[in-house]
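Enquirer: Just to be clear, the model below is a prediction. Sequence and coordinates:
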Amino acid sequence: MTKPTPNQPQKKQTYYNEMPVETIKIIHAIVKREELPREAAFDIGTAVKYQCRAGLKPDNNWKDDIRKAENYLHHARTGEWIKE
């Protein structure tokens, strides 16, 4: 996948727009919070992304998205990834 240029808008995936508020707006609000360490905010935002799209992405098991979200939240809390 090529990176979009300023004149080429990125196509939004419908599974990110199923929530009453766009997922990206929630993630941006989390990342802007000054009381969260930057690395933790990124991990928390990524976990939100996986939770919001759970069961909506074609050919993707909802349990996989929840597992990924749990792994990112664990990393935000401990700095370590869950070993599977």
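Expert: Now that the structure is in, tell me what you want to look at. Residues are numbered from 1 along each chain as shown.
Enquirer: where does the chain dip in pLDDT?
Expert: Within the chain, the segments meeting pLDDT under 70 span 1-12, 16.
Enquirer: What segments of it are strands?
Expert: With strands called from DSSP state E, the chain shows none.
Enquirer: what separates residue 24 from residue 77, distance-wise?
Expert: For residue 24, the distance to residue 77 (C-beta to C-beta, to the nearest Å) stands at 23 Å. C-beta here means a position set from N, CA and C on the backbone, and glycine is covered the same way.
Enquirer: Between those two, which has more neighbouring residues?
Expert: Set residue 24 next to residue 77 and count neighbours by other C-beta atoms under 10 Å: residue 24 wins out with 15 against 11.
Enquirer: What residues sit buried inside stretch 37-51?
Expert: Buried positions in stretch 37-51, judged by neighbour count with 16 or more other C-beta atoms under 10 Å: 40-51.
Enquirer: Just put those in JSON lines and tack on distance to residue 14.
Expert: Shown next, in JSON lines, are those (distance: C-beta to C-beta, whole Å):
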{"residue": "40", "distance to residue 14": "29"}
{"residue": "41", "distance to residue 14": "26"}
{"residue": "42", "distance to residue 14": "24"}
{"residue": "43", "distance to residue 14": "25"}
{"residue": "44", "distance to residue 14": "24"}
{"residue": "45", "distance to residue 14": "20"}
{"residue": "46", "distance to residue 14": "19"}
{"residue": "47", "distance to residue 14": "21"}
{"residue": "48", "distance to residue 14": "17"}
{"residue": "49", "distance to residue 14": "14"}
{"residue": "50", "distance to residue 14": "16"}
{"residue": "51", "distance to residue 14": "17"}
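Enquirer: Go through these and flag which are in helices.
Expert: The members of these that map onto helices under DSSP state H are 40-51.
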